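J.: dropping a prediction and its sequence here:
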Amino acid sequence: MPKEVFIIWLVAKIILILLVFIGLLLTIAFLIYAERKLIAFMQSRIGPNRVGPIGLLQPFADITKLFLKEDLTPAGADRFLFILAPCISVFTAFMAFAIIPFGRDLIIHNVRIPLQITNLNVGVLYLLAIFAINVYGIVLAGWSSNSKYSFFGGMRSCAQMISYELPLGLSMVGVLLLSHSLSLRSIVAAQSRHWFILMQFPAFIVFLISSIAETNRAPFDFPEAETELVAGYHTEYSSFKFAMFFMAEYASMITFSALAVTLFFGGWLGPSFFPPFIWFLLKVAAMLFFFIWLRATYPRLRYDKLMMFQWKVLLPFSLIWILITGAMII
Amino acid sequence: MVNTETERDTMILNVGPQHPSTHGVLRVVLELDGEIVVNSNTVIGYLHTGMEKTIESERYVQAITIVDRMDYLSCFFNEIGYILAVEKLLGIEVPERVKFMRIILCELQRIASHLVWLGTHALELGAMSVMLYTFRERELILELFEMCSGYRMNSGYMRVGGFYLDFPDGFIDRLKNFINVFPSKINEYETLLTKNIIWKERTVGLGVLSAEDAINFGVSGPLLRASGVKWDIRTAHPYSGYELFEFDVPVGTHGDVYDRYLVRMEEMRQSLRIISQAVKNLPSGPVNVVDRPDIILPPKRNAELGMEEMIHHFKIVSAGFPVPEGETYVAVESARGELGFYLVSDGGNKPYRLKVRTPSFANLQALPLMLKGIMISDVIAVIASIDIVLGDVDR
């Protein structure tokens, strides 16, 4: 690679990383605002409207407030793990987003810049690995807090997230069979004629259920079921460490939405009246709306019943679906 | 040799008194094996304010304010129960209009109380929207209460011998409006919950209380009826003219949390039926016993103008009225069950003793039985299904 090209590539990459990072942070902030506002409308309330015009600055007020809170560590907590846990959560939530493609390639001075931080050829496997590490954040938080409620939250999430990784992985297999690639970029490219949701609708349902369970969102939010476990694994966390868990939850929501869009809804592909990037954002927003809508509608399931559902229904079903997909391709 | 069955380690988890879903300050100590409850111990008394003792040093009228605050979510049941007890000792028979007005208020209160129960119950199982919908309709009822008494809760509207003031102008119109609007709202809650798979998964077959156990524990109200016992004081021992009304007493079959939910939902519909009958047939006439000037305050206008009336007014307000010596027990069907008032009078102007048999206290006793062998998540659902008010338990 000539030196000049390398420099352009490097600068573009650094700018891209910064943009994605800041963009993700801002999205998290406004996702929290959007969730509060949307749920408020669904519940015939007004929602935040004090800070800034129609409450738009509410997320920044919340973040400032969390920064100013006292950072408590409970007596008897394992201090190292107690600090490490939120770091793992945030780290993995952001890392997962690194391989999501969100637009067509840019050409700057004859240098091709893909709109994706990195295009791993084992993309899907990388994602599954990252999700597996994500469990540690919650389990360690529950374990190190030295509190019974946190402990229960940690145990629940351990069981729930590890079990749901199986159907999550299996639900992607159909897509991989159709696209002949693990790279998310090739998966998007393979959907240029029709989206995979048309052929893989059952797999999409499995993916959706698993991703709700993986992100600990309602109606599967057992690790932090506030009416049972106070706040579950982050009961003892305060100040910025709590904010980190909060950010991680919303970041993984965004990641899973982006992933669903990439795998099943053709990523950034769409009719040309919008640029590809806008298509990507719109699709992700629609998925996020679905997550929020679900939270406002459904009661919480019981966690052992969710496990039962996973092992007895979801897992056999996704295995059978892989066979059917295989048969279809042959 | 170690017996693995009995030597398993259990864990003690303290739920409450500060916990998001213990309905106030209930404390439950759970002995857990994993997430399964092995044993449980209910600790009460965190809201004990000695109301029964306080009443002994207050005059009969002042006690209304205090009984109001026992079961703060359904004050009119406390008022009517207490007042019926005093009236029984005084030997007063109130006019028909008073009876009908009391029934309207009580049934509105039952709906308001059940709405709070439904909202919190659903919220505790994670369906948070239902809570906001039920509180929206509860607001309509509280506005009606505010119209007639000036207070939204703990209104102190009922008096011994009737009412001080009649329903204000426009009250009946708003009430009719509520009667028209509310059935569609109950259906709205039901679309969210009754056939919801998750809701049924969480409540069907949970916290079963057999009819026999329920009777042995002295459980009453919707909890008892959900267990299949058709016992409602409104029909078993009608008071305040309930015998004039047509309504059904919904009864469950399994005695689980889901049946309690169904029973209470149906009770709201039946309450609405009673209210519409009462509004339709509301007799006109005085709103208190006019022939008992020793108890009833003269109209305020007269007390301001006439000397005699002013002295009369002052005498009742400052010295109260004596109640003949004797003792009595009056029970009413509150939103939570049998609410009984055992009143002893020594002939003075203050109660000698007032013992309140509160439904929440008796119903709560059955909790450890229902909690045995279920999971933590379900503990919350069972507590919510009893519909306790800690003010009612501790007094």
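T.: Happy to help now that I have it.
J.: the one residue sitting closest to the centre of chain A sits in which helix or strand?
T.: Residue closest to the mean C-alpha point of chain A, counted by CA atoms, centre = their mean, is A:Ser252 at 2.3 Å. Using DSSP states H and E, the element containing A:Ser252 is helix A:239-264.
J.: so is that helix next to chain B?
T.: No - judged by CB under 8 Å from any CB of the partner chain, helix A:239-264 and chain B are separated, with a smallest distance of 15.9 Å. No exception for glycine: its C-beta is placed from N, CA and C like everyone else's.
J.: ok, back up a step: my read: the residue nearest to the centre of chain A touches A:Met95, true?
T.: No - the criterion here is CB atoms under 8 Å, and A:Ser252 misses it with A:Met95 at 10.6 Å.
J.: before we move on, the earlier item: got the confidence number for the residue nearest to the centre of chain A?
T.: What the model reports for A:Ser252 is a pLDDT of 86.
J.: need the contact list for it.
T.: Listed by CB atoms under 8 Å, 6 or more residues apart in numbering or on different chains, the contact set of A:Ser252 reads A:93, A:96, A:134, A:214-215.
J.: in the helix or strand hosting B:Gln62, what's buried?
T.: Assigned by DSSP H and E, B:Gln62 belongs to helix B:60-68. Under the neighbour-count criterion of 16 or more other CB atoms under 10 Å in any protein chain shown, helix B:60-68 has B:60-61, B:63-64, B:66-68 buried.
J.: chain A contacts on chain B?
T.: Residues of chain B lying near chain A (CB under 8 Å from any CB): B:11, B:13, B:19-21, B:35, B:122-129, B:132-133, B:136, B:192-193, B:196, B:198-199, B:201-202, B:375-380.
J.: one more time with 6 Å
T.: Chain B comes close to chain A at residues B:13, B:20-21, B:124-127, B:129, B:132, B:198-199, B:201, B:376-377, B:380, as judged by CB under 6 Å from any CB of the partner chain.
J.: where do the strands of the chain begin and end?
T.: Let's take chain A. Under the criterion DSSP state E, strands of chain A are mapped to A:106-108, A:111-113.
J.: please refer instead to chain B.
T.: For chain B, applying DSSP E gives strands covering B:11-15, B:27-33, B:36-43, B:158-159, B:162-163, B:326-333, B:338-345, B:353-357.
J.: dump these to TSV, plus mean neighbour count.
T.: TSV is the format used below for those (neighbours: other CB atoms under 10 Å in any protein chain shown):
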stretch	mean neighbour count
strand B:11-15	16
strand B:27-33	18
strand B:36-43	17
strand B:158-159	23
strand B:162-163	23
strand B:326-333	19
strand B:338-345	22
strand B:353-357	18
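J.: in chain B, where's the longest helix?
T.: Ordering each helix of chain B by length in residues (DSSP state H) puts helix B:96-124 first.
J.: gap between that helix and the chain center?
T.: Here helix B:96-124 is found 8 Å from its chain centre; the criterion is CA atoms, centre = their mean, to the nearest Å.
J.: same thing with stretch B:293-309?
T.: 34 Å.
J.: okay, buried residues for it please.
T.: Going by 16+ other CB under 10 Å, stretch B:293-309 has these buried residues: B:295-297, B:303, B:309.
J.: among these, which are in helices?
T.: Per DSSP H, the buried residues of stretch B:293-309 map to helices at B:303, B:309.
J.: which of the buried residues of stretch B:293-309 has the weakest pLDDT?
T.: Confidence-wise, B:Ala303 trails the rest of those, at 78.
J.: now do the contacts for residue 142.
T.: Defaulting to chain A. A:150-151, A:153-154, A:233 (CB atoms under 6 Å, 6 or more residues apart in numbering or on different chains).
J.: chain B, not that one
T.: B:Arg152.
J.: at 8 Å instead, please
T.: Contacts of B:Leu142 (CB under 8 Å, 6+ apart): B:112, B:152-153.
J.: where does the prediction get shaky in the chain?
T.: Since you didn't name a chain, this refers to chain A. Across chain A, the ranges flagged by pLDDT under 70 are A:1, A:222-231.
J.: please refer instead to chain B.
T.: B:1-8, B:20-22.
J.: quick check: B:Asp394 touching B:Val43?
T.: No - taking contacts as CB under 8 Å, B:Asp394 lies outside contact range of B:Val43: 11.0 Å.
J.: just the terminal-to-terminal distance for stretch B:43-57.
T.: 29 Å (CA to CA, to the nearest Å).
J.: what's it in contact with?
T.: In contact with stretch B:43-57 (CB under 8 Å, 6+ apart) are residues B:16-17, B:24-29, B:63, B:66-67, B:69-70, B:350-356, B:361, B:364, B:390-391, B:393-395.
J.: try it again with 7 Å
T.: B:17, B:24-27, B:29, B:63, B:66, B:70, B:350-356, B:390-391, B:393-395 (CB atoms under 7 Å, 6 or more residues apart in numbering or on different chains).
J.: which residue ranges form the helices in the stretch 51-200 of chain A?
T.: A:58-68, A:79-96, A:123-144, A:148-179, A:184-189 (DSSP state H, counting those that start in this stretch).
J.: for the residue in chain B that chain A sits nearest to, give me its contacts.
T.: Closest to chain A within chain B is B:Gly126: 2.9 Å, counting by CB to the nearest CB. By CB under 7 Å, 6+ apart, the residues touching B:Gly126 are A:218-219, A:299-300.
J.: correct me, but B:Pro286 touches B:Val98?
T.: No - the criterion here is CB atoms under 7 Å, and B:Pro286 misses it with B:Val98 at 8.2 Å.
J.: if you count surrounding residues, which of the two has more?
T.: B:Val98 (24 against 15; other CB atoms under 10 Å in any protein chain shown).
J.: quick check: closest non-adjacent residue to the more buried one.
T.: Counting by CB to CB, 6 or more residues apart in numbering or on different chains, B:Gly162 is the residue found nearest to B:Val98 once chain neighbours are left out, at 4.4 Å.
J.: for A:His109, same thing?
T.: A:His109 sits nearest to A:Ile8 (CB to CB, 6+ apart), 5.8 Å away.
J.: could you do A:Cys158 as well?
T.: Here the residue nearest A:Cys158, using CB to CB, 6+ apart, is A:Val139, at 4.8 Å.
J.: check B:Ile103 too.
T.: B:Ala278 (5.2 Å).
J.: and what of A:Ala85?
T.: With CB to CB, 6+ apart, the residue lying closest to A:Ala85 is A:Ala141, at 3.7 Å.
J.: thought B:Glu327 was touching B:Val344?
T.: Yes - taking contacts as CB under 7 Å, B:Glu327 lies within contact range of B:Val344: 4.4 Å.
J.: and A:Glu4, how many neighbours?
T.: The number of residues near A:Glu4, taken as other CB under 10 Å, comes to 10.
J.: quick one: it from chain B, how far?
T.: Counting by CB to the nearest CB, to the nearest Å, the gap from A:Glu4 to chain B is 58 Å.
J.: need the helices of the stretch 51-200 of chain A in TSV with distance to A:Ile107, can you?
T.: Conversion of the helices of the stretch 51-200 of chain A to TSV gives the following (distance: least, CB to CB, whole Å):
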stretch	distance to A:Ile107
helix A:58-68	36
helix A:79-96	28
helix A:123-144	23
helix A:148-179	25
helix A:184-189	16
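J.: nearest to A:Gln200 among those would be which one?
T.: Checking these against A:Gln200 by CB to CB gives helix A:148-179 as the closest, at 4.8 Å.
J.: buried stuff in the closest one?
T.: Quick answer for helix A:148-179 (16+ other CB under 10 Å): A:148-161, A:163-176, A:178-179.
J.: what do you get for stretch A:319-330?
T.: A:321-322, A:325.
J.: and for stretch A:53-62?
T.: So stretch A:53-62, judged by 16+ other CB under 10 Å, has buried residues A:55, A:57-59, A:62.
J.: now the stretch 1-150 of chain A against chain B: closest residue?
T.: Closest point on the stretch 1-150 of chain A to chain B, by CB to the nearest CB, is A:Gln43, at 4.0 Å.
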